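Novice: This is the structure alone, sequence omitted:
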């Protein structure tokens, strides 16, 4: 069982940065792949980034490649999403999710979800 709590969202101007955190409880976090997803108003939930349980491999959506960086610290049971060069189209509720095995882009394959944190980018 893994419980996830996101934090770090807020209001930022275009071009700014935010770092989201995903704090996990439960002994299985270090064995879990982690994904970040986002849900914008009127749109479907989309994959943003994923990282393997060791942190050795990360994948990104094309829309955030080169601007966002996913990382994790298993000693702290925490995953992060560093977001730079933010754009208004990045405005969404951001969720972290965990699953056994490789992190994938399909959200319905993740067993555990946080409650989300709002990111708003003003132009």
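Specialist: Arrived safely, thanks for sending. Given the structure is predicted, the values throughout are model-derived calculations rather than measurements. Numbers count the residues shown, from 1 in each chain.

Novice: Could you pull up the contacting residues of the residue sitting nearest the centre point of the chain?
Specialist: Geometric centre of the chain, nearest residue: residue 36, 2.5 Å, by Cα atoms, centre = their mean. Residue 36 makes contact with 20, 22, 47-50, 70, 79, 81, 94-97 under the criterion Cβ atoms under 8 Å, 6 or more residues apart in numbering. (C-beta placed from N, C-alpha, C; glycine too.)

Novice: 10 Å - rerun?
Specialist: Contact analysis of residue 36 by Cβ atoms under 10 Å, 6 or more residues apart in numbering lists 6, 20, 22, 47-51, 60-61, 64, 68, 70, 79-81, 83, 94-97, 103, 114.

Novice: How about residue 46?
Specialist: Contact analysis of residue 46 by Cβ under 10 Å, 6+ apart lists 37, 38, 39, 40, 61, 63, 64, 92, 105, 107.

Novice: Tell me the bridge partners for it.
Specialist: Note on residue 46: beta-bridge partners by DSSP bridges are residue 38.

Novice: again with residue 60
Specialist: Here residue 60 sits in beta bridges with residue 49, as judged by DSSP bridges.

Novice: separation between residue 104 and residue 11?
Specialist: 31 Å (Cβ to Cβ, to the nearest Å).

Novice: quick revisit: look up how far residue 123 lies from the residue nearest to the centre of the chain.
Specialist: From residue 36 to residue 123 the distance is 23 Å (Cβ to Cβ).

Novice: Neighbour count for residue 104 and residue 11, which is higher?
Specialist: With neighbours defined as other Cβ atoms under 10 Å, residue 104 and residue 11 compare such that residue 104 has more, 15 against 12.

Novice: just checking, the more buried one touches residue 35?
Specialist: Yes. At 7.4 Å, residue 104 counts as touching residue 35 under the criterion of Cβ atoms under 10 Å.

Novice: hey, what's in contact with both of those two?
Specialist: With Cβ under 10 Å, 6+ apart as the test, residue 104 and residue 35 both reach 47, 50, 59, 110.
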